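[1] pasting the sequence and the predicted model now:
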Amino acid sequence: MRKVTDDYTPEKAHDELIAFFHPHPDAVDVINSLTRTESCVLAALLLDSKSLTTSGYTIPADCCVNRASAVVHSLEKKHSFPISSRKVETESDVGNKTQQSLFFITKEDQERLKKDPLTVFSQCHENAVAKKESQAQRDLRRLVREYGEDGVFNMIKRVANDAEGSDKNAG
């Protein structure tokens with residue numbers, strides 16, 4: 001499987017992403033804040049409609065990169081790019097069935113990014129915040145079931161007190 005850098009050096013990826021977002025200076029600022037690996041991955045996904053997975057897996061993908069999920073997570077959460085994924089069944093190193101993520105950017109999202117990237121970034125950020133809040137609510141419901149309301153309130157008080165004094169106890 002081809003490494004993402006076989007098609008995009010960091011410099012080429014950066015230059016082509018800048019050209020893609022040239023009409024949108026705020027989006028160019030986002031491109032300038034990407035790491036070299038993020039630039040290479042984004043260029044392959046956005047400019048060439050490639051699919052991506054983590055190096056070392058045998059699922060059908062156009063290219064691979066070490067720690068693909070970490071790079072994609074950063075592009076999604078830190079920079080608000082709309083990266084889609086789907087699970088593909090594969091075999092692990094020891095022969096067990098497992099699932100691996102295949103990452104891509106849909107044609108619709110590519111077109112939306114070309115036309116109005118800031119709106120796309122804003123929508124992705126709002127979706128991420130809503131998802132995080134929903135996950136926190138599920139976690140709290142589980143804790144209330146497990147420890148009761150009073151138990152959860154006591155934990156919150158202890159955590160709040162620990163946070164205030166954490167610097168005093170460091171070292």
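    Okay, I see it. All values reported here derive from a predicted model rather than from experimental measurement. Residues are numbered from 1 along each chain as shown.

[2] now name the helix or strand holding residue 14.
    helix 10-21 (DSSP states H and E).

[3] and the residue sitting nearest the centre point of the chain, what does it touch?
    By C-alpha atoms, centre = their mean, the chain has its centre lying nearest to residue 73, at 1.8 Å. Contacts for residue 73 (C-beta atoms under 8 Å, 6 or more residues apart in numbering) come out as none. All C-beta atoms are positioned from the backbone trio N, CA, C, and that covers glycine.

[4] can you give me the helices in this structure?
    Assigned by DSSP state H, the helices in the chain fall at 4-7, 10-21, 25-32, 36-42, 68-73, 107-115, 117-165.

[5] most tightly surrounded among those?
    helix 36-42 (a mean of 24; mean count of other C-beta atoms under 10 Å).

[6] quick one: it to chain centroid distance?
    On the basis of C-alpha atoms, centre = their mean, to the nearest Å, helix 36-42 is displaced by 12 Å from the centre of the chain it belongs to.

[7] quick one: mean pLDDT over that helix.
    Helix 36-42 carries an average pLDDT of 97.

[8] and stretch 16-26, by the same measure?
    96.
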